[in-house]
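Engineer: Just need the structure, nothing else, for what follows:
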Amino acid sequence: MTETLCTSGAMLLKAGIGRQVNISGQGIIEFQRQAESFVNASTRFNWNDVYTTLDNDVKFILEDACSSEGAIKVILFDMSGYDSLSEAETMINVLRDNVNRSIKLLEDIKNRDFVTGA
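Structural biologist: Below you'll find the model as predicted:
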């Protein structure tokens, strides 16, 4: 599987601007792959297989869901860049809300028909 639905840059940006991330490039790729798999499994649809045919609106929703899920993984891996545990938990909660909202849009078959142009 290639990294299609989101970029590692978007994940790191959401994890915190200017935050020191103590993770290797391979670790970021693994989190990105896990996030993409999570989005596909949660929506019961393999978005990677049809990505090039999707409308830009769908791509933006997928990017938001995937990069938010990946950012959660980055934060959980290393919370040392935050001023407090509470700050890290708040970031995770905000990101989780992004993921849940996007997944809800993508998994509803009526929305899927709309966003995929069916």
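Engineer: May I see the buried residues of the helix or strand hosting F60?
Structural biologist: Using DSSP states H and E, F60 sits within helix 56-77. Within helix 56-77, the residues that count as buried by 16 or more other CB atoms under 10 Å are 58-59, 61-62, 64-75. Glycine gets a C-beta too; all of them are placed from N, C-alpha and C.
Engineer: Look up phi and psi at Q34.
Structural biologist: phi -60, psi -40 (degrees, to the nearest 10).
Engineer: Apart from its chain neighbours, what residue comes closest to it?
Structural biologist: K73 (6.5 Å; CB to CB, 6 or more residues apart in numbering).
Engineer: pretty sure that neighbour is touching A35, no?
Structural biologist: Yes: the pair K73 / A35 is scored as a contact, 6.7 Å apart, by CB atoms under 8 Å.
Engineer: where along the chain do the helices fall?
Structural biologist: Under the criterion DSSP state H, helices of the chain are mapped to 8-15, 25-43, 47-50, 56-77, 85-107, 109-115.
Engineer: Could I get these in CSV, plus columns for mean pLDDT?
Structural biologist: Formatted as CSV, these follow (pLDDT from 0 to 100):
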stretch, mean pLDDT
helix 8-15, 88
helix 25-43, 91
helix 47-50, 92
helix 56-77, 93
helix 85-107, 93
helix 109-115, 61
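Engineer: one step back: which neighbours do K73 and A35 share?
Structural biologist: With contacts defined as CB atoms under 8 Å, 6 or more residues apart in numbering, the residues adjacent to both K73 and A35 are M11.
Engineer: I'm done for today, thanks for sticking with me.
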